[in-house]
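Novice: what follows is a predicted protein model with its sequence.
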Amino acid sequence: MSTKTPLPVASSPQAAQPSAAGGHLALEVTGMTCASCVRRVERALEEVPGVAAATVNLASASADVTLAQPVDPGVLITAVADAGYQAVVPATVRADDVARRRAARAAELRRRRMSLATGAVLSAAVLVVAYGFTSAAWAGWVQLALTVPVYAWTGAVFHRGALEAARHRTTNMDTLVSLGATVAFGYSVIATIALPGQMTYYESTAWPPWCSTRPAP
């Protein structure tokens, strides 16, 4: 027999029931990375008719919504989704679902640690070449080879976040990291291939993705 234990799980707008007036509704919100994300989610919730106030906590990835009148939780979930984030209503799930979620989170954390370690080692190598062998004819090509995995793999989480934000016509911390790394990388590739002898900025490309922090999902 499966035991029951409380854990936030996805609730569809169709399945959710209207909430009582004057009460509070808790939501689990994912996809936030900075204070501007928090404010964006709060504004999206507060614009829903019937919502008196909304307080979002980045650390706990949660939102506390104060209701002035009955509101279907599905409407709140949709409002958060339209802002570029994901929200679910806490519910009761089986213990095996809890185990699966914990295993998935642990696997993601392991993947990120590996990505972080790889990015740190390759970025250090880029610095050695950039400042120790600046005049070498092969320096640009070696830096390019070392930087590609950092930009494409270690920085992938930021590029995905930036694209998701752009899809919702907004910006966030992912946009800042991804845009800075992309501009530096793009110019450096052009300089290496078509502008021999010109300064490159591979070190500026390699360092931001792995030294920037981003909450795990």
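Specialist: Structure's in. What do you need?
Novice: all helices of this protein, in order?
Specialist: Assigned by DSSP state H, the chain shows helices spanning 35-46, 73-82, 95-132, 139-149, 156-167, 173-194, 202-211.
Novice: out of these, deepest packed?
Specialist: helix 202-211 (a mean of 23; mean count of other CB atoms under 10 Å). Placement of C-beta: from N, CA and C, glycine included.
Novice: walk me through the domains of this protein.
Specialist: Following automatic domain parsing, the chain resolves into domains at 17-88, 103-211.
Novice: would you list those in CSV and tack on mean pLDDT?
Specialist: Listed next are the domains of the chain as CSV, based on pLDDT from 0 to 100:
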stretch, mean pLDDT
domain 17-88, 87
domain 103-211, 89
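Novice: L76 touches V65, doesn't it?
Specialist: Yes. Contact between L76 and V65 holds when scored by CB atoms under 8 Å: they sit 6.3 Å apart.
Novice: what sits in contact with each of these two?
Specialist: Counting by CB atoms under 8 Å, 6 or more residues apart in numbering, the shared contacts of L76 and V65 are L25, L27, L45, V51.
Novice: among the residues you listed, which are in strands?
Specialist: L25, L27, V51 (DSSP state E).
Novice: compare these and tell me which is most surrounded.
Specialist: The most crowded member of the ones in strands among the shared contacts of L76 and V65, judged by other CB atoms under 10 Å, is L27 (24 neighbours).
Novice: am I right that E47 is in contact with T78?
Specialist: No. Counting by CB under 8 Å, E47 stays clear of T78, with 11.7 Å between them.
Novice: indicate which one of the helices of the chain is closest to S60.
Specialist: helix 35-46 (11.2 Å; CB to CB).
Novice: quick revisit: can you put the helices of the chain in TSV and add distance to V88?
Specialist: Shown next, in TSV, are those (distance: least, CB to CB, whole Å):
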stretch	distance to V88
helix 35-46	13
helix 73-82	7
helix 95-132	12
helix 139-149	34
helix 156-167	17
helix 173-194	21
helix 202-211	29
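Novice: alpha carbons of stretch 140-158, as PDB, please.
Specialist: Provided in PDB are the C-alpha atoms of stretch 140-158 (Å, rounded to 0.1, in the frame of the first residue of the first chain):
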ATOM      1  CA  GLY A 140      43.400  32.100 -30.700                       C
ATOM      2  CA  TRP A 141      42.600  28.600 -32.100                       C
ATOM      3  CA  VAL A 142      43.400  26.900 -28.800                       C
ATOM      4  CA  GLN A 143      41.300  29.300 -26.900                       C
ATOM      5  CA  LEU A 144      38.400  28.800 -29.300                       C
ATOM      6  CA  ALA A 145      38.600  25.000 -28.800                       C
ATOM      7  CA  LEU A 146      38.700  25.400 -25.000                       C
ATOM      8  CA  THR A 147      35.900  27.900 -24.900                       C
ATOM      9  CA  VAL A 148      33.300  26.100 -27.100                       C
ATOM     10  CA  PRO A 149      32.400  23.500 -24.400                       C
ATOM     11  CA  VAL A 150      32.100  26.200 -21.800                       C
ATOM     12  CA  TYR A 151      29.900  28.300 -23.900                       C
ATOM     13  CA  ALA A 152      27.700  25.500 -25.300                       C
ATOM     14  CA  TRP A 153      27.500  23.100 -22.400                       C
ATOM     15  CA  THR A 154      28.200  24.900 -19.100                       C
ATOM     16  CA  GLY A 155      26.400  28.000 -20.400                       C
ATOM     17  CA  ALA A 156      23.400  26.100 -21.900                       C
ATOM     18  CA  VAL A 157      21.200  26.600 -18.800                       C
ATOM     19  CA  PHE A 158      21.600  30.400 -19.200                       C
END
